[in-house]
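Engineer: Predicted model, plus sequence, below.
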Amino acid sequence: MSDFDKIERMVEFMNTHGLSEFELEEDGRRVRLRKTQTLEGHLSKESGGAAITDATLLSASMSEAQTDQDEELIVIKSPIVGTFYRSPEPDADPFVEIGTCIKKGQVLCIIEAMKLMNEIDAEEGGEIVSIFLENGQPVQYGDRLFAIKPS
Amino acid sequence: MLTKILIANRGEIALRVIIACRELGIRTVAVYSEADAHALHVRYADEEVCIGPAKASESYLNVPSIISAAQLTGADGLHPGYGFLSESPYLAEAAEACGITFIGPSVDSLRLLGDKVRARHAMKKAGVPILPGTAEPPESIGEALKASRRLGFPLIIKASAGGGGRGMRIVYDRSEIEAAWSMAQREAAAAFGDGTLYLERYIESPRHIEFQILADRTGNVVHLGERECSIQRRHQKLIEEAPSTVLTDRQRRKLGKSIVNAARAVGYQNAGTFEFLMDDKERFYFLEANTRLQVEHPVTEMVTGIDIVKEQIRIASGETLSFRQDDVALMGHAIECRINAESPDTFRPSPGTIKVFSVPGGPGIRMDTAAHTDSIVSPHYDSLVAKLISHGQDRAEAIARMRRALAMTVVEGVDTTISLHRRIFEDQDFIEGRMNTSFMERFSNE
């Protein structure tokens, strides 16, 4: 293995294990690799454990999300902070599914905040192409809810 | 003790509260607008929730979003910081209704002392000296004219729902009242949603003296001494210090006692500041009560050694104060400079990205800031970049330390008022403690 390949493997090793410095001494030769600390690096969040990440609301989950490569897709984002519900009531059918054709003004979901049920409607008619959140998930302002292909 | 606190604020004060929480082992939730996505208070909190777009009215002033964020994260406490919703009875009431402890005074106290007319009344009843003024808000210009005859001139017309120096008009002569009254009424209605006005005698060039208090939930109230905030421009404080350069121990004890009694009489809880004006005959008059943590709280912390934010959290958690009035001692002298992203000459705001940010250290220097290299001073919020605080054995040492710390503070990329502060600290009047609220006007004209 060439020296370059060895270094490449060391860099890979560093990334896998989240190291910022790595030093290896072998056969009288020493190599030292160090990542430059940016402020971003210094301020990386201390992860508090899985419980927090699951329970807290963070940016939209990636689950069945289609990336917005299609420029024509309309993405509905949450205008408020609350809990996302796909159905009008717990046992009722969801307002929409993937593939549902919707009209402008049609209710897509409910976001509950402080015991008030806020209906979120479609700004344009079209077809539901993506649903970014699961029923009961917390949402914050700006989180993606639906992607719609306008008709 | 509370276990998770949501901070309903941003910038340096949000960071200040996070700092206290971290030291107490309490988890923190930061809320932020889209403009603050990369802000320091968001980075250092344990959890974060985006609550709205950049516009303050839709984010940091958005009660439903903030309460919702607290509910979703399971916060059991909410600290409102200063400004924004910190004195909002609506926020406090909504929080309490949802089982979240509001870290501040009760809803009743917020209502009582937030109404400047009722506050004056309550203070007068408790034996605190107040400015001669109207006991009941005049309901017409006719009544205002009548009151002005009794009170004399100059007078100041103030909004009952106002505060922080806004919505006020000075009147020097009877002939000015009618026009001033109508305009003030319109402004007050627009700015505060309430056009109720009252009149007070106006004191020319007073000194601004304020007392910090802490009160727990069992009726224990202590004061932590006074601060002097006479260096102001258009009613915005630029430099604050503790203790004042004028109060004697005797005056401090007497005024402090009356304030403590007044706070107890109205059932006040948590932190608060009682503001006074001192005229040239060393008479004190109650101005208003601020039912929240103040920007300049660090100077009091430096001279007393008491962490006011931690005490706020302890009080809100139901603990009794761990110290009594006799335990409060003032050591040395502390001064704070508010470093704003503004032109030091025109005071025009200078939003932008800070490209270089270097903070001084050394003995007796404290810097409260959420700024750093590559941080953004947003045009949507206030222009405060950092609070630079110096502490010394006496005022001379505090001044010497501030001088060298200002020289060692580097902020590039936006204009700042650092050079203005440096000039003030070379001014003979300031150095010798000759100040009142006309200082900046005089200083700017030289």
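Structural biologist: Everything's here; your move.
Engineer: what comes up buried for the strand or helix carrying B:Arg404?
Structural biologist: Element membership for B:Arg404, per DSSP states H and E: helix B:395-407. Of all the residues in helix B:395-407, those buried under the rule 16 or more other CB atoms under 10 Å in any protein chain shown are B:Arg395, B:Glu397, B:Ala398, B:Ile399, B:Arg401, B:Met402, B:Ala405, B:Leu406. Placement of C-beta: from N, CA and C, glycine included.
Engineer: And B:Gly352, how far from chain A?
Structural biologist: From B:Gly352 across to chain A, the span is 17 Å (CB to the nearest CB, to the nearest Å).
Engineer: out of everything not next to it in sequence, what's closest to that residue?
Structural biologist: Distances taken as CB to CB, 6 or more residues apart in numbering or on different chains put B:Val414 closest to B:Gly352, at 4.6 Å, once the chain neighbours are dropped.
Engineer: what's the spacing between that neighbour and B:Thr353?
Structural biologist: The spacing between B:Val414 and B:Thr353, counted by CB to CB, to the nearest Å, is 8 Å.
Engineer: Comparing those two, which residue is more hemmed in?
Structural biologist: B:Val414 (22 against 12; other CB atoms under 10 Å in any protein chain shown).
Engineer: Where do the strands of the stretch 1-150 of chain B begin and end?
Structural biologist: Assigned by DSSP state E, counting those that start in this stretch, the strands in the stretch 1-150 of chain B fall at B:4-7, B:27-33, B:47-52, B:77-79, B:101-102.
Engineer: Of those, flag the one that's most buried.
Structural biologist: Highest mean neighbour count among the strands of the stretch 1-150 of chain B (mean count of other CB atoms under 10 Å in any protein chain shown): strand B:77-79, with a mean of 28.
Engineer: helices or strands up against that strand?
Structural biologist: strand B:4-7, strand B:101-102, helix B:308-316 (3 or more CB pairs under 8 Å, 6 or more residues apart in numbering or on different chains; DSSP states H and E).
Engineer: what about 7 Å?
Structural biologist: Judged by 3 or more CB pairs under 7 Å, 6 or more residues apart in numbering or on different chains; DSSP states H and E, the packing partners of strand B:77-79 are strand B:4-7.
Engineer: Would you list the strands that the strand it packs on pairs with, along with their directions?
Structural biologist: Counting by DSSP bridges, the strands paired with strand B:4-7 are strand B:27-33 (parallel), strand B:77-79 (parallel).
Engineer: And the contacts of it?
Structural biologist: Contacts to strand B:4-7, defined as CB atoms under 7 Å, 6 or more residues apart in numbering or on different chains, come from residues B:14, B:17-18, B:21, B:26-31, B:41, B:69-70, B:73-79, B:81.
Engineer: Same question for stretch B:389-396.
Structural biologist: With contact meaning CB under 7 Å, 6+ apart, stretch B:389-396 is reached by B:245, B:298-299, B:302, B:332-336, B:364-366, B:398, B:400-402, B:405.
Engineer: tell me the average confidence for it?
Structural biologist: Averaging pLDDT along stretch B:389-396 yields 98.
Engineer: Send over the lengthiest strand in chain B as CSV, restricted to the C-alpha atoms.
Structural biologist: Longest strand of chain B, by residue count under DSSP state E: strand B:221-233. The C-alpha trace of strand B:221-233 is given here as CSV (Å, rounded to 0.1, in the frame of the first residue of the first chain):
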residue,chain,number,x,y,z
VAL,B,221,-37.6,40.2,50.6
VAL,B,222,-34.1,41.6,50.4
HIS,B,223,-32.6,44.4,48.4
LEU,B,224,-29.1,44.0,46.8
GLY,B,225,-28.3,47.6,46.8
GLU,B,226,-28.6,50.2,44.1
ARG,B,227,-27.3,50.8,40.6
GLU,B,228,-26.8,54.2,39.0
CYS,B,229,-27.8,54.5,35.3
SER,B,230,-27.6,58.2,34.6
ILE,B,231,-25.6,57.8,31.4
GLN,B,232,-28.5,57.5,29.0
ARG,B,233,-29.3,58.6,25.5
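Engineer: Strand partners (parallel or antiparallel) of whichever helix or strand comes after it?
Structural biologist: Moving toward the C-terminus from strand B:221-233, the next helix or strand (DSSP H and E) is strand B:236-242. Using DSSP bridges, strand B:236-242 pairs in its sheet with strand B:221-233 (antiparallel), strand B:333-340 (antiparallel).
Engineer: average model confidence for strand B:236-242?
Structural biologist: 97.
Engineer: who's in contact with that strand?
Structural biologist: Looking at what lies outside strand B:236-242 - CB under 7 Å, 6+ apart - the contacts are B:165, B:225-229, B:231-232, B:296, B:299-300, B:303, B:333-338, B:424, B:440.
Engineer: need the strands paired with strand B:236-242 in TSV with distance to A:Arg29, mean neighbour count and mean pLDDT, can you?
Structural biologist: Shown next, in TSV, are the strands paired with strand B:236-242 (distance: least, CB to CB, whole Å; neighbours: other CB atoms under 10 Å in any protein chain shown; pLDDT from 0 to 100):
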stretch	distance to A:Arg29	mean neighbour count	mean pLDDT
strand B:221-233	63	23	97
strand B:333-340	51	25	98
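Engineer: Show me where chain B dips below the pLDDT cut-off.
Structural biologist: Applying pLDDT under 70 to chain B flags residues B:164-165.
Engineer: residues from it in reach of chain A?
Structural biologist: Residues of chain B found near chain A (CB under 7 Å from any CB of the partner chain) are B:34, B:43, B:46-47, B:49-52, B:64-65, B:67-69, B:72-73, B:98, B:372-374.
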